[in-house]
Each structure stands twice: as structure tokens, then as C-alpha cells.
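1. pasting the sequence and the predicted coordinates here, then a few questions.
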Amino acid sequence: MRANMSLDVTAIKRDFPILGQEVNGHRLVYLDNAASSQRPRVVIEALERYYERDHANVHRGIHELSTRATRAYEGAREASARFIGAADPSEVVFVRGTTEGINLVATAWGYENVREGDEILLTVLEHHSNIVPWQLLARRVGARLKYIDIDEQGRLRLEQLDELLTERTRLVGVTHVSNGIGTINPVEEIVAAAKRVGARVLVDGAQAAPHLPLDVEALGCDFYVFSGHKMCGPTGIGVLWGRRELLEEMAPYQGGGEMIEIVELERATYKRPPHKFEAGTPNIADAVGLAAAMDYLERIGRERIQAHERDLLAYALERTHEIPGFRAFGPERDHSGVLSFELGDLHPHDVGQILNDRGVAVRAGHHCNQPLMRRLGVTATTRASFYLYNGRDDVDALCEGLRDVIEFFS
Ligand code: PMP
């Protein structure tokens, strides 16, 4: 435990050039971090430096720039492994983001391992990107999808696991942290139950990797996926971590250059993972940017980031308690910095619009969680989501904005 867990938000905010602006005549209050975070100057500079000094294609060239680019790209892979507690960097596959990572597993692992009559167990908390790829697979092979429900607070009903997990369950897909209502799921417990029936576990870490300390080995899962743009990194880059033995036996996802060893007219042999899954010229620059983002977050410390967000959530719940008609979704404990709420019977789009007029950026909608919204009996929510650069003043601005919304519609 560090001696000082609190963050110097004023100093951190200064690291993010975009946060210094005004929107609609007000200080920008950026509370849409679950959708995408902002980038610190060190990440922007790492991209600039890479393009100004080091860029060439990777793995093929023998010239200096290609060597540098390859070193930077493979260095980013090593940084990614360290960031999630993986022992072996070759278990890290660079992808476009969480969505592509899950599609890769559903395709390259799924078509080899899921057969007619098999089952895939998901949860009603899942983002569409951890539902639809499995629907596509299930329809093609004749498998069945099942879902773990939530209780009244929005926690997974783990008592259902005994009944839902069967010897036909091939895969359990679960989000580490819900982007819709902020529930932090007990992944270890779910993994232990899945292992008892021999099922593989994919964890969607899109809302976890940016916000809390992570150790994929300790979690015990088989696949872990996350996106760079939600953790101060560039868009278009993310990580799929998979156990080496699974990646070895999986079929390629896409074919092309960089992923092959020998190509004949009728057949080809493939490189070993991770290169087997990285066909074509990879997103080198953004991998370098992602490594800079991870370094930035590591220097601040994810325990401190998590503690800071917990503190902001508690403060926000205390302050919003006084606002008439405010109702928060999500559990009392094990709740991330995602605050989804209703404000009386006002439409979330109206709430978001008026907050925007005051420079406060929140998200309104179904958050790519339509099954969850249906389960909660709403069509949409308003969502404020915190990150390391948000302070109590941002929560205060949100609360003032919400009072303005109520006044506007009264
Ligand atoms: N899963 C979760 C839990 C998410 O929050 C998101 C992004 N909202 C995704 C998956 C998809 O991530 P991406 O759009 O970066 O692929």
C-alpha cells in the first residue's frame, strides 16, 4: 500500500491538453470516460516522436528504421504483458480493440471448439461486443446462448451458476466491469466455477484494465481483452491476451503478410502466436502510443486511480442524493467509477443536452447494453463516468447542471 493514495488532480489535468478548453462558454467537464478517455501529452508526444524519427515497417527490414520500429512495437507488447501481469509477451496479440479481440476469439477459437448443442454462457451485463460475436458463432454452429441474470442491485446472481454451467458449456464470457452500471464482477469465482465443467473463460476488460490493478494469471481466465482508447491510449489499438496453448492450437483469424512462414500456391504454414494473428502491417504507431499510456498510468498507479474513482463515486452519490428524482443504478459495493442514473422521468437525451450546454460531457443512451437496459426496465440512462483527471469540482459541476436540468423542465 502506498503512503499517499490521493491523486493530485490539478497536476494530472494539466497533463491532458484537451481538458484545458471551454465548451459552450464553460470549463469542459469531461465525464464520458467509459466511452473513451482523453490522452496525456506524453502519449501524443510518443506518437509524434515515433512518426518523426522511427517509422518503417516492422519485422521485415534490416535497415535501421525498421529495426527501431520493430523494437518499439515488440517493446509495446512486452509493456502490455507487464501491465496485465502476463508472464509471456507472446501471449499478447495486438488488435483494434475489445470488439476485434472478442471477434477474433469467437471466430478463431469458437469455430474449432464449439459444436452443435454446445453452450456459451454470458451475462445480462455484457456490452453488445461480448454478445453479438457469440450469437454469430452460435447461429453458424447450432450452439445455444445462456445468460446469468442480475439481482436488484445489479450484481450477477452467482447462485445461478450451478444450474447454468453444464458439461456442454464451452465458454463463459463475462465483463470484468459493467460499462452500463459499473458493477465490478467477481471474475475469480466465475472462473473457478467454469473450470469445474471444463469451460474456457473470456473476460471483457474494457472497463477494468484502465481503472484497476490487473493480474490475468491470478484471475485464472483464458482470454482477456481491452481497448487502448479507454486508458489514455490511441484509438484503433487494443490487446487480446490468450493462454499460449490456446493461441497455439487456434486457427488464424485473417490471412496475409506477416502471419505466414511458407506460402505455396495451394497452402501455407503460419507463424507462431502472436504473429499468427497479426496479418498485414500492424498498427505500429498506436501500439507505441499505448505503451506510453500504460507507462503513464503505471507511474500514477492503478491502485491509486481506483481509490480515487471510488472516492469520487462516493462523493457523487452523496451529492446527488439531495437532487429530486435522482436514482442511481448499480450496486452499493464493488461499483466502479461509472455512475448511470435516471432523473425523474426526464429523457436521458434531454438531460445530456442541457448538461452539454453547461460544458458537462456525459453519455445518454443504451450504452451498447440493450439487453441490460431491458432487464432494468428502461430504454436508456444518463451516464457519468470518472477517470484519474476528474475531481470533486467536476462532480459539483455535474450536480449544478442536474439542478439546472430540473429547473428547465419544471
Ligand atoms: N466492452 C465494454 C465493457 C465496453 O465498455 C466497450 C466500449 N464501450 C467495449 C466492450 C467495446 O470496446 P471497443 O469499442 O473499444 O471495441
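-> Noted; the coordinates are in hand. Numbering: from 1, shown residues only.

2. am I right that residue 147 is in a strand?
-> Yes - under DSSP: H, G, I helix; E, B strand; the rest coil, residue 147 sits within a strand.

3. show me the contacts for the nearest residue to residue 128 once chain neighbours are set aside.
-> Computed as CB to CB, 6 or more residues apart in numbering, the closest residue to residue 128 that is not its neighbour in sequence is residue 368, at 4.4 Å. C-betas here are computed from N, CA, C, even on glycine. By CB atoms under 8 Å, 6 or more residues apart in numbering, residue 368 lies in contact with 127, 128, 129, 179.

4. and residue 368, helix, strand or coil?
-> Assignment for residue 368 (three-state DSSP): coil.

5. gap between it and the ligand?
-> Using CB to the nearest ligand atom, to the nearest Å, residue 368 is found at 6 Å from the ligand.

6. ditto for residue 266
-> 35 Å.

7. show me where pLDDT drops low in this structure?
-> Applying pLDDT under 70 to the chain flags the ranges 1-4.

8. tell me which parts of it are close to the ligand?
-> 34-35, 97-99, 127, 129-130, 175, 179, 204, 206-207, 227, 368 (CB under 6 Å from any ligand atom).

9. dump the contacts of residue 368 into a markdown table; add secondary structure and neighbour count as well.
-> Listed next are these as a markdown table, based on DSSP: H, G, I helix; E, B strand; the rest coil; neighbours: other CB atoms under 10 Å:
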| residue | secondary structure | neighbour count |
| --- | --- | --- |
| 127 | coil | 22 |
| 128 | helix | 16 |
| 129 | helix | 21 |
| 179 | coil | 28 |
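
10. quick check: phi and psi on the residue nearest to residue 388 when sequence neighbours are not counted?
-> With CB to CB, 6+ apart as the criterion, residue 388 has its nearest non-adjacent residue at 4.9 Å, and that residue is residue 305. Torsion angles at residue 305 (phi, psi; degrees, to the nearest 10) stand at phi -60, psi -40.

11. please renumber so the chain begins at 36
-> All set: I'll call the first residue 36, so the last point we hit is now residue 340.

12. residues contacting residue 340?
-> 42, 246, 247, 332, 422, 423.

13. also residue 100?
-> 89, 90, 91.

14. go again using 6 Å as the cut-off
-> residue 91 (CB atoms under 6 Å, 6 or more residues apart in numbering).

15. what do you get for residue 429?
-> Taking CB under 6 Å, 6+ apart, we find residue 429 in contact with residue 64.

16. distance of it relative to the ligand?
-> 20 Å.

17. quick check: the gap between that residue and residue 135.
-> Applying CB to CB, to the nearest Å, the value for residue 429 to residue 135 is 32 Å.

18. what does residue 426 give?
-> Residue 426 is 34 Å from residue 135, by CB to CB.

19. around the spatially closest residue to residue 183 that is not a sequence neighbour, how many other residues sit close by?
-> Leaving out its chain neighbours, the residue that sits closest to residue 183 by CB to CB, 6+ apart is residue 158, at 4.3 Å. By the measure other CB atoms under 10 Å, the count of residues near residue 158 is 27.

20. try residue 333
-> 13.

21. got a list of what residue 408 touches?
-> residue 401.

22. Three-state assignment for it, please.
-> Assignment for residue 408 (three-state DSSP): helix.

23. picking that back up, touching, the residue nearest to residue 183 and residue 181? I think so.
-> No - if you go by CB atoms under 6 Å, residue 158 and residue 181 don't touch, sitting 9.7 Å apart.

24. can you list the residues that contact whichever strand or helix holds residue 136?
-> Using DSSP states H and E, residue 136 sits within helix 133-139. Applying CB under 6 Å, 6+ apart, the external contacts of helix 133-139 come out as 130, 164, 165, 168, 241, 260, 261, 262, 273, 275, 288.

25. in the stretch 86-235 of the chain, which spans are strands?
-> 127-130, 154-158, 179-183, 204-210, 235-239 (DSSP state E, counting those that start in this stretch).

26. distance to residue 386 added to the ones you listed, as JSON lines?
-> JSON lines is the format used below for the strands of the stretch 86-235 of the chain (distance: least, CB to CB, whole Å):
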{"stretch": "strand 127-130", "distance to residue 386": "34"}
{"stretch": "strand 154-158", "distance to residue 386": "27"}
{"stretch": "strand 179-183", "distance to residue 386": "29"}
{"stretch": "strand 204-210", "distance to residue 386": "25"}
{"stretch": "strand 235-239", "distance to residue 386": "27"}
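
27. can you tell which of these is closest to residue 300?
-> strand 127-130 (28.1 Å; CB to CB).

28. many thanks, have a good one.
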